[in-house]
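A.B. asks: Here is a sequence with its predicted model. Questions after.
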Amino acid sequence: MKIGFAGLGPLGSAMAGHLLKAGHALTVWNRTPEKAEPLLAQGARRAESPAALAAEASVVITSLAHDEAVEQVVFGERGLLEGLAAGATHIATSTLSPALSARLAQAHAQKGQHYVAAPVLGRPPAAAQGKLFVMAAGAPEAVASVRPVLEGLGQRLFLLGERPEQAHLLKLACNFLIMSTIEQLGEVFALTEKGGLDRAQVFEVLTGSFFTAPVHKNYGQLIVDRAFDPPGATVKLGAKDTRLLLEAADALAVPLPFASVVRDRFVAARAQGEEGLDFAVLARHAARDAGLGD
């Protein structure tokens, strides 16, 4: 299949590389062109603009950092909306606001194009192995036309119905569970370490008993090792996701007290120059609050 891919950050690059290995004809575009070089060396082609990327593909996948980047790439001059053919499909894998997702669906429909919201769960190493979890929503015919691509990206595809914005709402909710779990782990490690226990020993007990989910094992290990750089997902992205979550909650009149705690952790991390670190670094702030070292 001819696939265009826009957005070559750590997660996007890993997904694009996996698609190449699966035998798809891949064209890529990124605002910072040099990030495409490893994929070009593997056989991908470069497009000079999002419109050119879309013109060569039956499917375009976007993996972009935030709403503003998606708006620019889709609606801007020489954007995807301009280049995508009628009947072709835009798959948005980014973590977006539900409002923008709904707007994208309407704009593509007006052009006779398809739009599928397909945010993903998983870190770059999982993406490189096709082990993401994919949550897809959109018109049934649109989802059906790209289902092989969606299934190729992940170990499981969840179909969430016809409203794309609901997939992005669920992704924000999932990210909130990850971030609040990091906060819980950080507090538990701080408490037990100050009580004289070793972090690694506590981690072994937790993940060898009741707390065996990937979120506990993966992020718990990062916290134990203080492995916050290089990041899988940065503080900057986590802060953005928390802001979108709270905006969605406000629009739906749903109080999220724990989300406000996480939001404050992100503000503290940004104030201390940690925007570029993995958002697991939130746990380090719990240790600092307890008077422990980094």
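C.D. replies: Yes, it's here. Residues are numbered from 1 along each chain as shown.
A.B. asks: Break down this protein into its helices, ranges please.
C.D. replies: Taking DSSP state H to define them, one finds helices in the chain at 10-21, 37-41, 50-55, 67-75, 80-83, 98-110, 124-128, 140-153, 164-194, 199-207, 214-225, 235-251, 257-271, 282-289.
A.B. asks: ok, residues contacting stretch 145-159?
C.D. replies: Stretch 145-159 is contacted by residues 1, 3, 15, 18-19, 22, 24, 59, 61, 89, 91, 93, 114, 116, 118, 120, 122, 127, 130-137, 143 when judged by C-beta atoms under 8 Å, 6 or more residues apart in numbering. Any C-beta I mention is one placed from the backbone N, CA and C, and that applies to glycine too.
A.B. asks: any idea of the mean pLDDT in it?
C.D. replies: What stretch 145-159 shows for mean pLDDT is 97.
A.B. asks: Ends of that stretch, what's the gap?
C.D. replies: The straight-line separation of the ends of stretch 145-159 (C-alpha to C-alpha, to the nearest Å) is 13 Å.
A.B. asks: just to revisit the earlier point, from the contacts of stretch 145-159, list the buried ones, please.
C.D. replies: When the contacts of stretch 145-159 are checked for burial by 16 or more other C-beta atoms under 10 Å, the buried set is 3, 15, 18-19, 24, 59, 61, 89, 91, 93, 114, 116, 118, 120, 122, 127, 130, 132-137, 143.
A.B. asks: ok so, going back, just the ones in strands from the contacts of stretch 145-159, please.
C.D. replies: Of the positions in these, 3, 59, 61, 89, 91, 114, 116, 120, 132-137 sit in strands, assigned by DSSP state E.
A.B. asks: mind giving me a markdown table with those and columns for pLDDT?
C.D. replies: Listed next are these as a markdown table, based on pLDDT from 0 to 100:
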| residue | pLDDT |
| --- | --- |
| I3 | 98 |
| V59 | 98 |
| I61 | 98 |
| T89 | 98 |
| I91 | 98 |
| H114 | 98 |
| V116 | 98 |
| V120 | 98 |
| L132 | 97 |
| F133 | 98 |
| V134 | 98 |
| M135 | 98 |
| A136 | 98 |
| A137 | 98 |
